[in-house]
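A.B. asks: coords please:
(chains A, B, C and D)
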Protein chains: 2
Amino acid sequence: MNATEILKLHEIKKTPGRIAIINALVNYNQPLSENEIKAEMQEMYDRITFYRNVQALTQAGIIHKIVIDNTTVKYGINHCDHGHQHQNEHAHFFCEQCHSVVCLEEVKIPEYNLPSGYKCTESDIIIKGKCKKCNQ
Amino acid sequence: MNATEILKLHEIKKTPGRIAIINALVNYNQPLSENEIKAEMQEMYDRITFYRNVQALTQAGIIHKIVIDNTTVKYGINHCDHGHQHQNEHAHFFCEQCHSVVCLEEVKIPEYNLPSGYKCTESDIIIKGKCKKCNQ
DNA sequence: ATACAAATGAAACAATGTTGCAAATATAAA
DNA sequence: TTTATATTTGCAACATTGTTTCATTTGTAT
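C.D. replies: Numbering: from 1, shown residues only, chains lettered A, B, ... in the order given. Here you go, the predicted structure:
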């Protein structure tokens, strides 16, 4: 499924900026940072538009934001893309050497045993270490 | 154990700024943001010094940084404070209503089953929802 | 082709965090 | 208690990340 089809499926407007973001994520096949996406977009990149498109794509359920720490954010494409908001909840891996991020689809977010009175609506797992490539 | 004793135990210099940060965290008995600590420190607060003291206290193993998302950071005091770097690994809870953070000492960080080739050095769990007080 | 809502891009702002450097201070030793 | 020295402080300046307002442009359904 290409960018145009993804945008149509999720009923948001097809614009060059959105297509470029989706294409970057699909082509690299892994979550990317703003700067990595910017590099792909070249002169078409505009910071304000980028942030707004990231919001729009996130709301539409096309991408998800991955916060590694307060200064590192990546964006990943959603694979379970039939329908909206279907966050297929998984852990994320961050390589401290090459700074790549991998969606660990097989590492699901568990139900935690919270102290009584606490209600969970969402949870995030960030696993940091050395990725496959960097371990070779 | 008071701030002076904590600083001496961890062998870093006793300064008014460090004492104030430790006292704020101990008195509130929960992780606080920069602004919450700033409010406690009043006119003694200086941004640059604050950031440097946070670094020093973190390195000394006295406090730990809790990144809720890219715009929300809290600092919590370490309870297992005999010795350095003894990060007692636990999950953190963030209340989306009152924005308080709770160290869930009883929710331990598990060993994850990573794909072969991946090595983990550290992992973070942030659980978001509604805390005990806000659920009443 | 056109109408209208939505998206864009510029300027300006806000929050968070860092670095270099001179002055001030904490602490150990005399 | 005084002194010596390494550490810490606070200022100025900067870097990065993200948001808001508003006029202009563009996407898309009719």
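A.B. asks: so for the host helix or strand of residue A:56, mean pLDDT?
C.D. replies: Using DSSP states H and E, residue A:56 falls within helix A:47-59. Helix A:47-59 shows a mean pLDDT of 98 in the predicted model.
A.B. asks: what about that helix, near DNA strand C?
C.D. replies: Yes - with C-beta under 7 Å from any atom of the strand as the threshold, helix A:47-59 lies in contact with DNA strand C, specifically through A:48, A:49, A:52, A:53, A:56. Any C-beta I mention is one placed from the backbone N, CA and C, and that applies to glycine too.
A.B. asks: tell me which residues are up against that helix.
C.D. replies: Applying C-beta atoms under 8 Å, 6 or more residues apart in numbering or on different chains, the contact partners of helix A:47-59 are A:12, A:15, A:17-18, A:21-22, A:34, A:37-38, A:41, A:63-65, A:75.
A.B. asks: now do stretch A:109-127
C.D. replies: Stretch A:109-127 has contacts (C-beta under 8 Å, 6+ apart) with A:66-69, A:89-94, A:104, A:107, B:91, B:93, B:96, B:104, B:106-107, B:112, B:114, B:120, B:122-132, B:135-136.
A.B. asks: so residue A:104 bridges to which residues?
C.D. replies: Taking DSSP bridges, one obtains residue A:91 as the residues bridged to residue A:104.
A.B. asks: touching, it and residue A:89? I think so.
C.D. replies: No - using C-beta atoms under 8 Å, residue A:104 and residue A:89 do not qualify as a contacting pair, with a distance of 11.0 Å.
A.B. asks: so where does the closest residue to residue A:28 other than its chain neighbours fall, helix or strand?
C.D. replies: The shortest distance from residue A:28 to any residue that is not its chain neighbour, by C-beta to C-beta, 6 or more residues apart in numbering or on different chains, is 7.5 Å, and that residue is residue A:36. Taking DSSP H and E as the criterion, the element that holds residue A:36 is helix A:34-41.
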